[in-house]
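Undergrad: Here's my sequence, what's the structure:
(chains A and B)
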Amino acid sequence: MLNDKSNVFNTDLFEALELGAMIDVAGAMACAALQRTESRGSHQRLDYPDRDDAEFLRHSLAHYSATDLPAIDYSDVTITRSQPAERVYGGAQE
Amino acid sequence: MSERTVELEILRYDPEQDEAPHFQVYTVPYREDWVVLDAINYVKDELDRTLSYRWSCHMAVCGSCGMVVNGEPALACHTFLRDYPQRIRVEPLQNFPIERDLVVVMDDFIDKLGSVKPYVVAREEKAVDDGENLQTPAELARFKQYTACINCLLCYSACPQYALNDEFVGPAALALAHRYNLDSRDVGRSAREDVVASNPGIWECSFVGACSEVCPKAVDPAAAIQQTKIASTGDYFLKFLMPWKRK
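TA: Here you go, the predicted model:
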């Protein structure tokens, strides 16, 4: 509930507006993550521990819907200098 | 044993409701590791949603939370409760109009900052494909300290000269002008001179040095201004000796 009714530098209001935007973004991320049945970078799934370039070397695009969950589709990645490779740490590098 | 607390005496002003600013006292918990900003956030989250103030990074990088804490301009995120008495007075920055509560109107500074061309004025336009403008470590060292300014405005709040005359271009803007004047990639010094080397520019500074004392990033704007005074005095006399050199 908004307690601050002022029209001047009302941070109570803009925090409420920010919260709405954060919920939209969080929803987009959760829906995209659920459909991305692989693990990649900071997106790690215990049920799909391996990276799947054939299916998911693509950007997830979330489309806003006022009434439904965001619709997810994909676009190609343009790879320039850095080639994708498995991220390995410590002794696994050798 | 009752919990240790701190009393925050915060200046409140809502132009829609208040005829004049007034203080409101909030009692907040004391924590050894809390900075003043944590205590203010506690007020906002737990006690009073109507309190307005600027903050963002909580680590002395963004320059948003400049305030006057017990009479001294300071970053609220950079001042520990443990270094203050039990009652702490928090006011907006001095020398700027209050917009609301701890938020000041900073338009005057933003205009002055723009007026000193705070960017590299290149000798000639260069396409991105032509690569970087290289600089040696020694060339960087000449101005690096002046790049650390975070535009927090503590120096304007502390400056007695800006308090007397708000035409004064002021410490941060003049320090940034100096930063670009010293940059080996920059040729903007003469273009900045109208603003910088004028009466309301460097010559309004009386070298009190309060700006450098309160600067949280050790920029030392007072030194920048005195160095600029020397450089532009040199320019003035060179103009007679070598009239062909400068337009």
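
Undergrad: Which parts of chain B are helices?
TA: B:36-42, B:107-115, B:137-141, B:154-158, B:160-164, B:171-181, B:189-196, B:210-214, B:221-241 (DSSP state H).

Undergrad: what's the answer for chain A, then?
TA: Going by DSSP H, chain A shows helices at A:11-35, A:53-56.

Undergrad: got the ones you listed as JSON lines, with mean pLDDT, distance to residue B:87 and mean neighbour count columns?
TA: For the C-beta atoms, the positions are set from N, CA and C on the backbone; glycine is no exception. Shown next, in JSON lines, are these (pLDDT from 0 to 100; distance: least, C-beta to C-beta, whole Å; neighbours: other C-beta atoms under 10 Å in any protein chain shown):
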{"stretch": "helix A:11-35", "mean pLDDT": "96", "distance to residue B:87": "25", "mean neighbour count": "13"}
{"stretch": "helix A:53-56", "mean pLDDT": "95", "distance to residue B:87": "58", "mean neighbour count": "12"}
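
Undergrad: Of all these, which one comes closest to chain B?
TA: Each of those has some distance to chain B by C-beta to the nearest C-beta; the shortest is helix A:11-35, at 4.6 Å.

Undergrad: just how off-centre is that closest one within its chain?
TA: 11 Å (C-alpha atoms, centre = their mean, to the nearest Å).

Undergrad: Write out the residues of chain B neighbouring chain A.
TA: B:14-17, B:44, B:48-50, B:52-53, B:99-101, B:103 (C-beta under 8 Å from any C-beta of the partner chain).

Undergrad: Pipe the helices of chain A into a markdown table and attach distance to chain B per row.
TA: Converted to a markdown table, the helices of chain A look like this (distance: least, C-beta to the nearest C-beta, whole Å):
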| stretch | distance to chain B |
| --- | --- |
| helix A:11-35 | 5 |
| helix A:53-56 | 31 |
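
Undergrad: quick one: contacts for the spatially most central residue of chain A?
TA: Nearest residue to the geometric centre of chain A (C-alpha atoms, centre = their mean): residue A:29, 3.4 Å. Applying C-beta atoms under 8 Å, 6 or more residues apart in numbering or on different chains, we find residue A:29 in contact with residue A:62.

Undergrad: go on, residue B:211?
TA: So residue B:211 contacts B:155, B:158-159, B:171-172, B:221-222 (C-beta under 8 Å, 6+ apart).

Undergrad: How is chain B partitioned into domains?
TA: For chain B, the structural domains run B:5-104, B:107-241, going by automatic domain parsing.
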